[in-house]
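**Student:** Okay, sequence plus prediction incoming.
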Amino acid sequence: MILLNGRELTVEQVIRVSRGYEKAAIAEEAKGPMDTARAYVEKKVEENAVVYGLTTGFGKFQDKYISKEDTAALQRNLIVSHACAMGEPFPEDVTRGIMLLRCNALCRGNSGIRRSTVETLLAMLNAGVTPVIPQKGSLGASGDLAPLAHMVLVMIGEGEAVYRGERLSGAEAMKRAGIPAVQLAAKEGLALINGTQVMTSAGLHALYGAMKLMKTADIASAMTTEAQLGITKAFDKRVHELRGHAGQLESAENIARLLQGSKLSFPTQPNKVQDAYSIRCAPQIHGASRDAIGYVYSAVSREINAVTDNPIIFPDDDDAISGGNFHGQPMALAFDFLGIAVSELADVSERRLERMVNPQLSNGLPAFLTKDGGLNSGFMIAQYAAASMVSENKVYAHPASVDSIPSSANQEDHVSMGTTAARKAGMILDNAEKVIAIELFAAFQALYLRGSEKLAPATKAVWDEIAGAVEPVKKDVVMYPRLNALEKLVRDGSIIKAAESVCGELN
């Protein structure tokens, strides 16, 4: 059980709930502040005070006063009118992350929502009622208004949800789960949708995949280094200490450990002084991406415990402040950076792949890793596929955060496009996982041709893991099932587990 107080949630806990279906609940210490903030909201409504979002319209309609008799209608109208997202829905794990993160922010006690309303959202999460939230339609400022509105639709018995594998109306899903729908009270609709949780969940899940992929990239690089009869002195700790970047040091240590005991890669090689950059500079390239991913991790760790709605309630100070914590720029920049960092892992992976299939660069391997070239094409088009996805990533890596389109009659005149940045990072990750899977398959084939008994113990464990899923290619075969099998090993962490079973936990 994950207990939410708005301050201590971790990236790993989000994954445990979103993918592992661990339950979540409001922590005891959060209940008092939440109730105090709610009492303050109700007091201001009774006093007919002018407070944005409580007794006024939204955006450009901020100057329209709303009577206390209409505050409930105001909140419902907000949700149904703002549910304008379109396109394919977010994956279940991202949507569950959205729900958890919104609950955690509301548990901080600065939003003024009723505790019972948050408990309804948690009941949906714990019971597996997953709102259908289309991916397109957020500007990433004033929060993720449109997609979050789709989440709230289900809470009020509208919209659509998936429950036990079936896509249903929101009302039917809530009925089957035995969860009463909510009638929103003052400020509650705004508290539920004015936040950055859609971009943060989508980006967090891409981040979690990137954290695994940076280890897998080191493993793939080590195997290609063996396939290329690489020189291990390039990974000497003394070299990397002179530069001092943490990610570079970690990557170099990983590759050096993975290659210990190899009978293919040595500190020096006859007839060769140094390797190409894609092999020799792997720690520098991978390490820069590692450092970028580390920055994103720290930014996301702050954001998942942030209050990002508006206005923010300070009941002890008798104050409600209209600020800008809903603006997604901190996440927009971070997720653009994440996408670029992951894109580079794929970029250099494809270059290593090219060296294995190109007979002019492969140190004696047969062209396209097939013994009977001409009759067989071997891995020729596997490299094409990798190159295609690397090129596609270059399009996706263009930053979303440098764009802005004014909205709400120019009241909201700068927006972050953070949700687009997060979604792009996820698409880049998907391509990068596929590219590194292709490199691993090619390295597996190359090392079969070199003699798998010559591998280092750690890379031999990875080779054996791959051999449990696919066979070496002795003549042309239908390739895509094998590529898909390698992608699965990359995505589920099997490649990492195999290596770590021999050399211990990698950085």
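**Tutor:** Here it is on my side, so go on.

**Student:** Show the contacting residues for Lys474.
**Tutor:** Shown here is Lys474, whose contacts under the criterion Cβ atoms under 8 Å, 6 or more residues apart in numbering are Lys371. The way it works is simple: take the backbone N, C-alpha and C, and place the C-beta from them, glycine included.

**Student:** which phi and psi does it have?
**Tutor:** With angles defined as degrees, to the nearest 10, Lys474 shows backbone torsions of phi -100, psi -30.

**Student:** Can you read off the pLDDT for it?
**Tutor:** Lys474 is assigned 94 on the pLDDT scale.

**Student:** Make 32 the starting number, not 1.
**Tutor:** Sure, I'll start numbering at 32, so the last one becomes Lys505.

**Student:** For Gly325, which residues are in contact?
**Tutor:** Under the criterion of Cβ under 8 Å, 6+ apart, the neighbours of Gly325 are 277-278.

**Student:** Which of the helices or strands spans it?
**Tutor:** In this structure, Gly325 sits in helix 313-334 according to DSSP states H and E.

**Student:** Name the residues of that helix that are buried.
**Tutor:** 313-325, 327-328, 330-331, 334 (16 or more other Cβ atoms under 10 Å).

**Student:** in the sheet, who's paired with the nearest residue to Lys506 once chain neighbours are set aside?
**Tutor:** With Cβ to Cβ, 6 or more residues apart in numbering as the measure, Asn407 is the residue that lies nearest to Lys506, at 5.6 Å, once sequence neighbours are left out. Taking DSSP bridges, one obtains Gly404 as the residues bridged to Asn407.

**Student:** Count the residues that sit near the residue lying closest to Gly201 once chain neighbours are set aside.
**Tutor:** Closest residue to Gly201 in three dimensions, ignoring its sequence neighbours and counting by Cβ to Cβ, 6+ apart: Val185, at 3.8 Å. Taking other Cβ atoms under 10 Å as the neighbour definition, Val185 ends up with a count of 30.

**Student:** From Val160, how far off is Val185?
**Tutor:** From Val185 over to Val160 the distance is 7 Å, taken as Cβ to Cβ, to the nearest Å.

**Student:** what do you get for Met510?
**Tutor:** Applying Cβ to Cβ, one obtains 41 Å for the distance of Met510 from Val160.

**Student:** Of these two, which one has the most company?
**Tutor:** Regarding Met510 and Val160, a neighbour count based on other Cβ under 10 Å identifies Val160 as having more, with 24 against 18.

**Student:** Can you report phi and psi for that one?
**Tutor:** Recorded main-chain torsions at Val160 are phi -90, psi 110, according to degrees, to the nearest 10.

**Student:** Pull the contacting residues for it.
**Tutor:** With contacts taken as Cβ under 8 Å, 6+ apart, Val160 has the following neighbours: 185, 192-194, 204-205, 208, 210.

**Student:** centre of the chain versus the helix of greatest length in the chain, how much separation?
**Tutor:** Of all the elements of type helix in the chain, the one with the most residues (DSSP state H) is helix 449-481. Per Cα atoms, centre = their mean, to the nearest Å, the displacement of helix 449-481 from the mean C-alpha position of its chain is 15 Å.

**Student:** wait, doesn't the residue nearest to Lys506 sit right on Ala398?
**Tutor:** No - the criterion here is Cβ atoms under 8 Å, and Asn407 misses it with Ala398 at 9.9 Å.

**Student:** pretty sure Thr161 is in a strand, no?
**Tutor:** Yes - with the criterion set as DSSP: H, G, I helix; E, B strand; the rest coil, the secondary structure at Thr161 is a strand.

**Student:** Secondary structure element for the closest residue to it other than its chain neighbours, which one?
**Tutor:** Taking Cβ to Cβ, 6+ apart, and ignoring the residues beside it in sequence, Thr161 has Val193 as its nearest neighbour in space, at 4.7 Å. Taking DSSP H and E as the criterion, Val193 maps to strand 191-194.

**Student:** Check which helices and strands that strand sits against.
**Tutor:** Here strand 191-194 touches strand 160-162, helix 176-186, strand 197-200, helix 201-208, going by 3 or more Cβ pairs under 8 Å, 6 or more residues apart in numbering; DSSP states H and E.
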